[in-house]
Every structure is written in structure tokens, then in C-alpha cells.
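J.: How does the following fold in three dimensions:
(2 chains)
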Number of protein chains: 2
Amino acid sequence: MLQAWALEGIPEITAGADLVSLIADAAAGALADGDILVVTSKIVSKAEGRTVAADDREDAITAETVRVVASRQTPNGGTTRIVQNRLGIVSAAAGVDASNTPHGTVLLLPMDPDASARALATGLRSLLGVEVGVIVSDTLGRAWREGQTDSAIGAAGLHVFEDLRGGTDAEGRALVVTMPCVADEIAAAADLVKGKTSRRPVAVVRGRADLVGSLDLPGARSIVRPLERDMFRLGADEAYAEGFAAGTALSPSGP
Amino acid sequence: MLQAWALEGIPEITAGADLVSLIADAAAGALADGDILVVTSKIVSKAEGRTVAADDREDAITAETVRVVASRQTPNGGTTRIVQNRLGIVSAAAGVDASNTPHGTVLLLPMDPDASARALATGLRSLLGVEVGVIVSDTLGRAWREGQTDSAIGAAGLHVFEDLRGGTDAEGRALVVTMPCVADEIAAAADLVKGKTSRRPVAVVRGRADLVGSLDLPGARSIVRPLERDMFRLGADEAYAEGFAAGTALSPSGP
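T.: Below is the predicted model of the structure:
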């Protein structure tokens, strides 16, 4: 049985807030060994003082962008930019968030969400004496599919993949390529109880204690596919344009 | 509180199996209004007789492919093909499955997973007198992120998106682009209790009865992003090659 519930009573988070204490208080003694806390990146960012003045949200996105993957004009004259940020995460708008933040500001992603998760897991394990895992989640769009799902952008104290590559199926054949990203699945499950519009930014997921372990396990950075293995490192229009330019440049008579 | 558990006692499924009865028996009276059943596409395919002889799995993939999105040589000399199938779903190998199937055969995806989900939801609602939703799930890889998550390829009797586009955040601002794909999140949550190697192909997700509704709600087909809105309709290498060919063709002296 998997159970997931949102913690009630997390107050509005401001810079410098002690998230370990606030989460421990909200959990009110209900945490147990093997529980996984899923913490919305937004409150981690706020606690870490990642709110910046935003005269122009677009400038903030540009500053957070390492590489533009794809961009497209929107019907209302704006631009949607799919970019890779310094964490390697590919997302719309580099995770720059202008919802649920004070007017005139935007919120950047945590500087190092794996480190944030590790600090939370370390603090909660120490304060409460329970072996919990922590996921820092963000809402990400996807290629090919409409809408968004919550995913793990930081993780500590749990296996982010259930590695079945060495396993066999019920017929005894090797499961060669199956590697469920359980951290993303747990973040998705947590989103079902947290909601986007209410102030319940922390959920507990119970029932997969087998995934919880050392604080030294690889974090969510290991979920990011390396560029050299990424067949979708550029949008189709962007890659076509690069190819077209290279093709025309081949011939001196080309444009 | 969200709860998810796998049903025990679903037997090995063969062509013509009555999934409604088998699921109802395995649920053993435990289903309630608002529960969502997540059924692994594999058993739907088996019940629908979608097992085909596979002298060559690659031929089966080709037959299921409407459009090759990207392909790449694997280190062991094979080819990974990311393709779009007739359902519009972009996935590796067109969902052609050679695991947990008898040797010498492969399993194709259900012909119409939304119709399969609707038949299951209709049958279970009628047989058990409870208003349940049904998701048919498959394991899909993702762009930019390693590993796979379970996603909804068929759905009936539930809202596949939680549409917040008309809503406001806690500060009263419009949530313009947030549209959580709750069907995919529920499929992901269910995978956490089903497992890949055990024979527990059906899970119940309880706690989001607000998403369950009419059997006429849009199915999982509505999750597929239309091609004209898809910035990743081709792999980067494939789009580059198309652009390069167009560029060189521009000039008569080009290759």
C-alpha cells in the first residue's frame, strides 16, 4: 500500500526560514522510517532567498539559461523558450517562476536542489530520528505530451531509479533497458495531494521504504540525460536551421 | 490522503479473457465510488489478442510505426528507434513488447486504448455499481531525462488534465499555462505499487474522486500533443539532416 498526504500548517516561507523545523512541526510526529518527503522547489527557493526583483521576467530567464533548446512564438506575441539551465534540467522558462510570488518579483530555482534535499534529509533524520528520503520537486512540461507532471529536481537519501537492468522478467528474460525513474513517479504521486493553488507545498509518500537509503546515493542530477546521449538536444526547427545553414555554406554560390 | 495498491490474484491473461470479471474478482468488493483503476496495457493487449509471432521484433516495430522521430545506433550494434505510432504516442519501439511474453512472440499495444479503458470502466461500473475511472498505462521513456515513467495511453471516466488555466494562484493571479496531466501522475503512482517483474498488472488509486466523472470525458488521446504544436517532432540529428539536404539542394553546384 502506497500512501501520500500533504502536510498541513506549513506557513508562508520567507528567506532564511528553517525548513527542517517547519516540516518537522507540520509532520507532528507522524513521520516513520522509510517515508519520503516531497518538497516543492518553490519553498526551498524562498527559504534560500532566491527571490529576485523582476522588472523583466524574460531577462531573468535569459540569465538562468545555459543553452536554448527550442523557442517558439506564442499566439499572443510572446515567446516560449525551452532551455537547459545550469542544473542540466530542460524546461520552459528555466524554472523562473512568477506565480505565487510577490508582485514584481520572480523566484529562481534552488542553486543546488540535490544539496538542498541533502540538507533537509540530514536535518530531519537528525531532528526526528527517522530515516527519511527527500525529493525537491518542480513542475515540468514534456516533449510530445500536453500538460505537465511534477518531477524530481533534487533528491537525497533514496534511490532515484529502480534499476531493473540486471533483473529478469517473470519469464526469466533479462530486462535490458527498464529503469523506472521512481523519484519522478514519487514526485508525480505527491503532486496529486499537494495541488497547485493551495499552500500545501510538502507531501509525505509512504510505502516504498525499500527505496530509502544512504545520504550518499546519487541525487536528481543523475536523472538528467547527458547531452551526448540526448536525441532531442535541440528543437526540430532549430536543428533544421543549423543544418540548412551548414548546407548552404558548403557551396560558394549558396546564399 | 491518496492510497494506491496493487490487486492480487490476477491470473495470467490470455486472448479473450474477460478483464472486467477478473478485475472485479481480484478487487473482491473493495472498490468504491471515485476509485481509479490503472491497468497495465500489457494485459489489455493480451486479452485483446494482440500477441503476434515475432521472427523479427524490428519488423513488428516497423509495422507499428507511422513516423520515425529519431533513431540512433546502440553500442551493441542495434538501433534505438523513437517513433510515433498510429495512436500518436511517441515512444521507443512503438510499444512493441518482448518482455513477459512467450518466447518467439511480441505484444503490440491495444488497438484503441481509450476504447479499451471505456469498455473496462463501463463493465466495472455496471457489474459492481461503483463509479470508477480507468487508465490503461504504458511505460514510456522521456526526452532529456533518463529512465522511464508509467503514463496513461488510455483513459475513461476521469479528467486526464486538472485544468487550472482558468484558475488563480494564492496571490490571485491567473495560472495561465499550468495544466497538470493527472492521468500520467496517477499512472506513475500506480507503477510504484505494481512493479515490473511481478504479476500485479492492476492497481487501484483512491483519493482523487474529484477527477472521476462521465464516460464521455476526453481520453488519453487528448494528451498527445498535436504535431503542429510539437517542438520536438523530429530528433535533432534528423532535423539537421533535413535542413542540410534542403540547404545543399538550394544551389545547383551543391552536392
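
J.: show me the residues around the residue of the stretch 1-150 of chain A found nearest chain B that make contact.
T.: Going by C-beta to the nearest C-beta, chain B is nearest to A:Gly147 of the stretch 1-150 of chain A, at 3.5 Å. In short, each C-beta sits where N, CA and C put it, glycine included. By C-beta atoms under 8 Å, 6 or more residues apart in numbering or on different chains, the residues touching A:Gly147 are A:141, B:161, B:179-181, B:184, B:223.

J.: ok, those residues vs B:Ile13, which is closest?
T.: B:Ile13 lies nearest to B:Asp184 out of these, by C-beta to C-beta, at 23.8 Å.

J.: What distance do you get for that closest one to B:Leu140?
T.: Distance from B:Asp184 to B:Leu140, counting by C-beta to C-beta, to the nearest Å: 9 Å.

J.: Counting neighbours, what do you get for A:Leu7?
T.: For A:Leu7, the tally of surrounding residues (other C-beta atoms under 10 Å in any protein chain shown) stands at 23.

J.: can you check A:Asp210 too?
T.: A:Asp210 has 11 neighbours, counted by other C-beta under 10 Å.

J.: Now do the same contact list for the nearest residue to it once chain neighbours are set aside.
T.: Nearest residue to A:Asp210 in three dimensions, chain neighbours excluded: A:Gly34, at 7.8 Å (C-beta to C-beta, 6 or more residues apart in numbering or on different chains). A:Gly34 is in contact with A:131-132, A:206, A:208-210, A:212, counting by C-beta under 8 Å, 6+ apart.

J.: now do A:Ile223
T.: A:151-152, A:160-161, A:181, A:183-184, B:145-147.

J.: swap in A:Gly123?
T.: A:19-20.

J.: Just confirm it is within a helix.
T.: Yes: under DSSP: H, G, I helix; E, B strand; the rest coil, A:Gly123 sits within a helix.

J.: wait, isn't A:Asp237 in contact with B:Met231?
T.: Yes: A:Asp237 lies in contact with B:Met231 (C-beta atoms under 8 Å); the separation is 7.0 Å.

J.: Give the residues shared as contacts by the two.
T.: Counting by C-beta under 8 Å, 6+ apart, the residues touching both A:Asp237 and B:Met231 are A:70, A:72.

J.: burial of the residue of the stretch 151-255 of chain A found nearest chain B, as a residue count?
T.: Across the stretch 151-255 of chain A, the shortest distance to chain B (C-beta to the nearest C-beta) belongs to A:Gly247, at 2.2 Å. A:Gly247 has 24 neighbouring residues, counting by other C-beta under 10 Å.

J.: Ok, A:Gly16 next?
T.: So A:Gly16, with other C-beta under 10 Å, has 9 neighbours.

J.: The one 4 residues further on too?
T.: Neighbour count for A:Val20, taken as other C-beta under 10 Å: 19.

J.: dump the residue contacts of it.
T.: Here A:Val20 is in contact with A:119-120, A:123-124, A:127 (C-beta under 8 Å, 6+ apart).

J.: Tell me the buried residues within these.
T.: For the contacts of A:Val20, a burial check counting by 16 or more other C-beta atoms under 10 Å in any protein chain shown picks out A:119-120, A:123-124.
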